[in-house]
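> mind looking at a prediction? Sequence and model below.
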Amino acid sequence: MSFRMLRFISIVSVFSLFHSVPVLAQEKNLKQQIQPLAANSLILDIANNQQTMAAVGERGHAFVFNKTWQQVNTPTDALLTKVFFISPLKGWAVGHDATILHTADGGQSWQLQMQSAEIEKPFLDILFFNEQEGVAVGAYGLFYRTLDGGNTWNSEYHQELLFEEDVAYLEELKAEDEALYLSERSTLLPHFNRIIPVTNNTLLMVGELGLVATSLDKGHTWLKQDFLYEGSLFNAAVVENTAFVMGLRGNVFVSDLQLAEWSKVNLPINSTINAGLRLGEGTLRAVGNGGVIIDITTTGESQLVEQRQGENLVAIAEDSEGNIWVAGNKGLIKLEQK
């Protein structure tokens, strides 16, 4: 069995654990989503909107923070993977079934901008450059752009991020079988896991198969780096003048903001690292599987801060009072001050 087929079976087996019901049915059952223990269920992301915080997770669950976490209604039961705010009021959340939600009131209410079970791919991240222009990215090269605040979304295919052998394979296939070409084309790009601004002009995107790519034109074109690691990278962050990328089995790399040369950070453990938060001067606080919480300096030094048994941590954020929150398979958790 080919690597391509194994990769397809693996991703489908994960995505099939979650589903969406038709939009009209979802809208009729919004009140059923409010559940007392939802904040203890799977939460995949937390975002600070300059005034408060919002979080998203399984079954379309969304929350806002005002001294305590409160669940709010959403028009979907799809797994939500990422939430992003461009201003205190305006934000977006994305997830499975190519779902994109929008809020204009700081996360108190959400409206559906896009959803398609037929696409059969999840969005994994979303980034807006201003209140009108933004991109959403996800599995198998899923990439959509809006120029009107999300009222319309248009698909883009970034062939420049394919492996050279796949470009040649697609060219041959297109001449022989158009239908098979389109089918294969939709699965050959790696998963785009995270997209972040590094400077005013530079975007950094990381993903599956050691994908590290940069763009100078808001993601219209990309330059793929010959990166020193071929495993999955799940997140990226900037602390002062240092960029971090992080992924499977404790693989974390640092670079200056030119993003030309990367060096590996030696961690005290080899757990997968899923997210990081700028913590004071020169330090990234990273979280990952096995409940690990690690501080990494911009000079590449690392220290295990805590390991929470039975937890996989996938997100981290700081509230307005300086408290640090983490999220994962046990829901939303405030870390004790140390």
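Sure thing, it's come through.
> outline the domain layout of this structure.
Recorded structural domains for the chain (assignment: automatic domain parsing) are 1-33+40-156, 190-338.
> can you redo these as CSV with mean neighbour count and distance to residue 165?
Quick note: C-beta positions are derived from backbone N, CA and C, even for glycine. Supplementary listing: these in CSV, determined by neighbours: other C-beta atoms under 10 Å; distance: least, C-beta to C-beta, whole Å:
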stretch, mean neighbour count, distance to residue 165
domain 1-33+40-156, 18, 11
domain 190-338, 18, 13
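> nearest to residue 175, out of the ones you listed?
Each of the domains of the chain has some distance to residue 175 by C-beta to C-beta; the shortest is domain 1-33+40-156, at 19.8 Å.
> quick revisit: of the domains of the chain, which is nearest residue 163?
Residue 163 sits nearest to domain 190-338 of all the domains of the chain, at 8.1 Å, using C-beta to C-beta.
> format the domains of the chain as JSON lines; extra columns: distance to residue 162.
Written out in JSON lines, the entries for these read as follows (distance: least, C-beta to C-beta, whole Å):
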{"stretch": "domain 1-33+40-156", "distance to residue 162": "8"}
{"stretch": "domain 190-338", "distance to residue 162": "9"}
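> among these, show the one with the smallest mean pLDDT.
Here the domains of the chain differ in mean pLDDT, and the lowest is domain 1-33+40-156 at a mean of 84.
> so how far is it from its chain's centroid?
Computed by C-alpha atoms, centre = their mean, to the nearest Å, the chain-centroid distance of domain 1-33+40-156 equals 10 Å.
> now stretch 216-230
In terms of C-alpha atoms, centre = their mean, the centre of stretch 216-230 is found 17 Å from the chain centre.
> quick one: terminal-to-terminal distance for it?
Taking C-alpha to C-alpha, to the nearest Å, stretch 216-230 runs 24 Å from one end to the other.
> mind listing the helices for this protein?
With helices called from DSSP state H, the chain shows them at 3-15, 23-28, 164-176, 178-188.
> for the third one, buried residues please.
So that's helix 164-176. If you call a residue buried by 16 or more other C-beta atoms under 10 Å, then helix 164-176 has these buried ones: 166, 169, 170, 173.
> looking at the closest residue to the last one other than its chain neighbours now. What's its pLDDT?
Sequence neighbours aside, residue 181 is the residue nearest to residue 173 in space, at 4.5 Å (criterion: C-beta to C-beta, 6 or more residues apart in numbering). Taken from the predicted model, the pLDDT recorded for residue 181 is 81.
> list the contacts for residue 181?
With contacts defined as C-beta atoms under 8 Å, 6 or more residues apart in numbering, residue 181 is in contact with 170, 173, 174.
> give the contact list for the second one.
Meaning residue 173. Under the criterion of C-beta under 8 Å, 6+ apart, the neighbours of residue 173 are 180, 181, 184.
> swap in residue 243?
Applying C-beta under 8 Å, 6+ apart, we find residue 243 in contact with 198, 204, 236, 237, 254, 255, 256, 257, 259.
> one more: residue 250?
Under the criterion of C-beta under 8 Å, 6+ apart, the contact partners of residue 250 comprise 267, 269, 270, 271, 272, 273, 288.
> what does residue 189 give?
The contact partners of residue 189, by C-beta under 8 Å, 6+ apart, come to 140, 141, 157, 158, 161, 162.
> mind running it again at 6 Å?
Contacts here follow C-beta atoms under 6 Å, 6 or more residues apart in numbering; on that basis residue 189 touches 140, 141, 161.
> outside of stretch 275-294, which residues touch it?
With C-beta under 6 Å, 6+ apart as the test, stretch 275-294 has contacts from 235, 237, 239, 244, 269, 271-274, 295-298, 302, 304-309, 311-313, 315-316, 326.
> got it, and stretch 327-338?
Taking C-beta under 6 Å, 6+ apart as the criterion, the residues outside stretch 327-338 that touch it are 39-43, 46, 55, 69, 311-315, 323-326.
> quick one: residue 287 from residue 46, how far?
Plainly put, residue 287 is 11 Å away from residue 46 if you go by C-beta to C-beta, to the nearest Å.
> also residue 241?
Spatial separation of residue 241 from residue 46 under the definition C-beta to C-beta is 25 Å.
> and if you look at residue 206?
Residue 206 is 19 Å from residue 46, where distance means C-beta to C-beta.
> wait, which of the contacts of residue 243 is closest to residue 95?
When the contacts of residue 243 are compared for distance to residue 95, the smallest value, 19.9 Å, is given by residue 236; criterion: C-beta to C-beta.
> wait, what's in contact with the closest one?
Residue 236 makes contact with 194, 196, 204, 206, 245 under the criterion C-beta under 6 Å, 6+ apart.
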